[in-house]
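S.K.: next one to model:
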Amino acid sequence: MELNFNKNEDHNKLLLSELRQRLAKVKLGGGEKRIEKLHAEGKMTARERIDYLLDKNEKSIEIGAFVGDGMYQEHGGCPSGGVVVKIGYIQGKQCIVVANDATVKAGAWFPITAKKNLRAQEIAMENRLPIIYLVDSAGVYLPLQDEIFPDKEHFGRIFRNNALMSSMGITQIAAVMGSCVAGGAYLPIMSDEALIVDKTGSIFLAGSYLVKAAIGETIDNETLGGATTHCEISGVTDFKAKDDAAALDRIKSIVGKMGDFEKAGYNRVKPQKPALNPEDIYGILPKSRAEQYDMMDIIKRLVDNSEFDEYKEGYGQTIITGYARIDGWAVGIVANQRKIVKTTGSKTKPSEMQFGGVIYSDSADKATRFIANCNQKKIPLVFMHDVTGFMVGSKSEHGGIIKDGAKMVNAVSNSVVPKFTIIVGNSYGAGNYAMCGKAYDPRLIFAWPSAELAVMGGAQAAKVLLQIEAASLKAKGEEITPEKEEELFNKIKSRYDQQVSPYYAASRLWTDAIIDPLETRTWISMGIEAANHAPIEKPFNLGVIQV
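M.R.: Numbers count the residues shown, from 1 in each chain. The predicted model follows:
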């Protein structure tokens, strides 16, 4: 047992080391030379601006650090989607901060940039969280304009959200700290208050070259849309700052004077650390995604004082449900049990072995009831994924697995308390949906380095795809030798394994982050604190379900 623990620990710490190395690279944005150029212009980088703005020695979490990872390589790449997003504290008030990274294509908007900005606004709207924009962008990246301009979830949605947030009473503050051109000029002006940095900040619908081409007027950018113009002539901006630091200090002053908010009222007591060592998680979580382990060992290293009140312990055992606290906050946990369990038999129903990580009818039924209970008690839900899907076969189909699975999906979909999703290991197929995957609106969804997201596991998918491809080649008259079959299998599996990687998911914003398991408590705690800004506005109602 100790040997397996040590092997698992070595494996998971290697994954963690890779995570840290990749994060360090991402944090360089467009690279050291572009950072130096920005400093030479008297400007801070996006990350330096956020660090200066947020309260020192307070926790913060970054949304979408790996967005764009491995994408747009033919365009030079787009680290972090060209925008940095963090949830943290300004003068003691929790806020979300969005900063364009001018070292990445001058802060231009790629399609994934728009998606990430919309995600930041979604978090602000769901949680009624104040949002701060630090604007420094050349506008839409023109070579990809057809993928970012006209659709519902494209660039224009940003300004629609500005208007909605204003009507909802969500504070929006924008500081123009560099370029702010064309349609992007509306973002700061649709905020509650807009600041501009003298000499480096500029706002205009069309720059001097385009003005010359369009109407023949000769004018420089500073006169056209600089700080003096907009603070003293047009009245477009509210404050003029001498430099980046002065603008950020002004934001701190404004936020510091904001009043308190109406709270949702989620239960919190004095936090306690887990009684069991959280670092044991590295040794408990197996190296192979196919190996069994007891998810309860993970849960007890995440919750306060390692105390967990299990709900329906002996029933539906492939899903664990129960009440606990994380950093003092009351939570309801729904987690996939990854060890094989034996059901209790009766005269009419013999006992059976159930596979860990699989959702059976009884476990889906239990989870549905528990989710309803948490909604009744106003307790936030935490979903922990290590799921391969629902049980298949004639016995399950005859037992109504589709009906029971649908009930669970219904409960997750209609839940009104905030939901948080941790992808610990596998997150396959319909199991992803039932356990509150991205499509089911978790307030935050994040993965550990051990996570895998896909319709099915790599080996199974590769076998299915191999059969299809081999049949296609045979139909064309090609002979498929054992060697050729193995070559095809390895090629298909390699491609599929790349797609199930947590980094592939994070780059496309299917998850908000990949984190060290030891940061899980911080993410859940800050997520519930954010959710506490937004009182529940509608009752829990399952609608029509088959019983």
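
S.K.: how about residues contacting the helix or strand of the chain with the lowest mean pLDDT?
M.R.: None of the helices or strands of the chain scores lower by mean pLDDT, DSSP states H and E than helix 458-475, at a mean of 76. Here helix 458-475 makes contact (CB atoms under 8 Å, 6 or more residues apart in numbering) with 452, 454-456, 480, 485, 488-489, 492-493, 496-497, 500. Where C-beta positions appear, they are placed from N, C-alpha and C, glycine not excepted.

S.K.: tell me which two of the residues you listed sit farthest apart.
M.R.: The most widely separated members of the contacts of helix 458-475, counting by CB to CB, are 452 and 480 (28.7 Å).

S.K.: got the buried residues for the lengthiest helix in the chain?
M.R.: The residue-count maximum for a helix in the chain (DSSP state H) belongs to helix 2-26. Buried residues in helix 2-26, counted by 16 or more other CB atoms under 10 Å: 8-9, 11-12, 15-16, 19, 22, 26.

S.K.: closest one of the residues you listed to residue 312?
M.R.: Nearest to residue 312 out of the buried residues of helix 2-26 is residue 8 (CB to CB; 29.4 Å).

S.K.: my read: that closest one touches residue 280, true?
M.R.: No - using CB atoms under 8 Å as the test, residue 8 is too far from residue 280 to be in contact (10.1 Å).

S.K.: hang on, the earlier thing: residue 452 and residue 480: who's more crowded?
M.R.: residue 452 (22 against 14; other CB atoms under 10 Å).

S.K.: what residues are up against the more buried one?
M.R.: 289, 425-428, 458, 500-502.

S.K.: change it to 10 Å
M.R.: By CB atoms under 10 Å, 6 or more residues apart in numbering, the residues touching residue 452 are 289, 385-386, 423, 425-428, 458, 497, 499-502, 504-505.

S.K.: lowest pLDDT pick from those?
M.R.: Lowest pLDDT of these: residue 458, 67.

S.K.: now residue 121, what's its secondary structure?
M.R.: Secondary structure, DSSP: H, G, I helix; E, B strand; the rest coil: residue 121 is helix.

S.K.: quick check: the gap between it and residue 115.
M.R.: 11 Å (CB to CB, to the nearest Å).

S.K.: common neighbours of the two, please.
M.R.: residue 157.

S.K.: between the two, who's got more neighbours?
M.R.: residue 121 (23 against 19).

S.K.: give me the nearest residue to the more buried one, chain neighbours excluded.
M.R.: Leaving aside its sequence neighbours, residue 121 sits nearest to residue 161 (CB to CB, 6 or more residues apart in numbering; 4.4 Å).

S.K.: state the pLDDT value of the one you found.
M.R.: On pLDDT, residue 161 comes in at 96.

S.K.: quick one: it is in a helix?
M.R.: Yes - counting by three-state DSSP, residue 161 is found in a helix.

S.K.: just checking, it touches residue 126?
M.R.: No - applying CB atoms under 10 Å as the test, residue 161 and residue 126 come out as separate, 11.7 Å apart.

S.K.: of those two, who's got more company?
M.R.: Under the neighbour definition other CB under 10 Å, residue 161 and residue 126 were set side by side, and residue 161 has more, 22 against 17.

S.K.: quick one: residues contacting that one.
M.R.: 117-118, 120-122, 124-125, 131, 170, 172, 187, 190.

S.K.: just those: which has the poorest pLDDT?
M.R.: When these are sorted by pLDDT, the bottom entry is residue 187 at 87.

S.K.: that one is in what secondary structure piece?
M.R.: Assigned by DSSP states H and E, residue 187 belongs to helix 186-189.

S.K.: do residue 497 as well
M.R.: helix 482-500.

S.K.: packing partners of that helix?
M.R.: strand 419-428, strand 452-454, helix 458-475, helix 502-507 (3 or more CB pairs under 10 Å, 6 or more residues apart in numbering; DSSP states H and E).

S.K.: okay, the ones you listed in CSV with distance to residue 150 next?
M.R.: As requested, the helices and strands packed on helix 482-500 are exported to CSV (distance: least, CB to CB, whole Å):
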stretch, distance to residue 150
strand 419-428, 31
strand 452-454, 29
helix 458-475, 35
helix 502-507, 24
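
S.K.: ok, which of the ones you listed comes nearest residue 31?
M.R.: helix 502-507 (18.5 Å).

S.K.: contacting residues around that closest one?
M.R.: Applying CB under 10 Å, 6+ apart, the contact partners of helix 502-507 are 15, 18-19, 22, 64-71, 78, 80-81, 112, 423, 427, 438, 445-454, 497-499, 501, 510-515.

S.K.: what sits closest to residue 219 if chain neighbours are left out?
M.R.: Per CB to CB, 6+ apart, closest to residue 219 is residue 208, 5.5 Å.

S.K.: which residues touch the one you found?
M.R.: Residue 208 makes contacts with 202, 217-225, as judged by CB under 10 Å, 6+ apart.

S.K.: for those residues, which one is nearest residue 403?
M.R.: Taking CB to CB as the measure, residue 403 lies nearest residue 202 of these, at 60.0 Å.

S.K.: now that closest one: closest residue in space that isn't a chain neighbour?
M.R.: Per CB to CB, 6+ apart, closest to residue 202 is residue 225, 4.8 Å.

S.K.: the one you found: how many residues sit nearby?
M.R.: By other CB under 10 Å, the residues close to residue 225 number 27.

S.K.: what's it sitting at in phi/psi?
M.R.: Per-residue torsions, residue 225: phi -150, psi 30 (degrees, to the nearest 10).

S.K.: with residue 255 instead?
M.R.: phi -60, psi -40.

S.K.: quick thing: my sequence starts at 235, can you match it?
M.R.: Okay, residue one is now 235; in that scheme the one you just asked about reads as residue 489.

S.K.: can you turn the buried part of the contacts of residue 442 into a ChimeraX selection?
M.R.: To isolate the buried members of the contacts of residue 442 in ChimeraX, using 16+ other CB under 10 Å:
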select :436,455,458,459
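
S.K.: of the contacts of residue 442, closest to residue 551?
M.R.: residue 436 (62.2 Å).

S.K.: settle this for me: residue 494 is touching residue 327, isn't it.
M.R.: Yes - applying CB under 10 Å as the test, residue 494 and residue 327 come out as touching, 9.0 Å apart.

S.K.: neighbour count: those two, which is higher?
M.R.: A direct count of neighbours by other CB under 10 Å for residue 494 and residue 327 places residue 327 higher, at 18 against 6.

S.K.: what's near enough to touch that one?
M.R.: 289, 363-364, 405, 489-490, 492-495, 767.

S.K.: can I get those in JSON lines with distance to residue 667, secondary structure and pLDDT?
M.R.: Output for the contacts of residue 327, formatted as JSON lines (distance: CB to CB, whole Å; DSSP: H, G, I helix; E, B strand; the rest coil; pLDDT from 0 to 100):
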{"residue": "289", "distance to residue 667": "38", "secondary structure": "coil", "pLDDT": "98"}
{"residue": "363", "distance to residue 667": "27", "secondary structure": "coil", "pLDDT": "98"}
{"residue": "364", "distance to residue 667": "32", "secondary structure": "coil", "pLDDT": "98"}
{"residue": "405", "distance to residue 667": "34", "secondary structure": "coil", "pLDDT": "97"}
{"residue": "489", "distance to residue 667": "38", "secondary structure": "helix", "pLDDT": "98"}
{"residue": "490", "distance to residue 667": "43", "secondary structure": "helix", "pLDDT": "97"}
{"residue": "492", "distance to residue 667": "38", "secondary structure": "coil", "pLDDT": "97"}
{"residue": "493", "distance to residue 667": "40", "secondary structure": "coil", "pLDDT": "95"}
{"residue": "494", "distance to residue 667": "38", "secondary structure": "coil", "pLDDT": "92"}
{"residue": "495", "distance to residue 667": "33", "secondary structure": "coil", "pLDDT": "91"}
{"residue": "767", "distance to residue 667": "28", "secondary structure": "coil", "pLDDT": "97"}
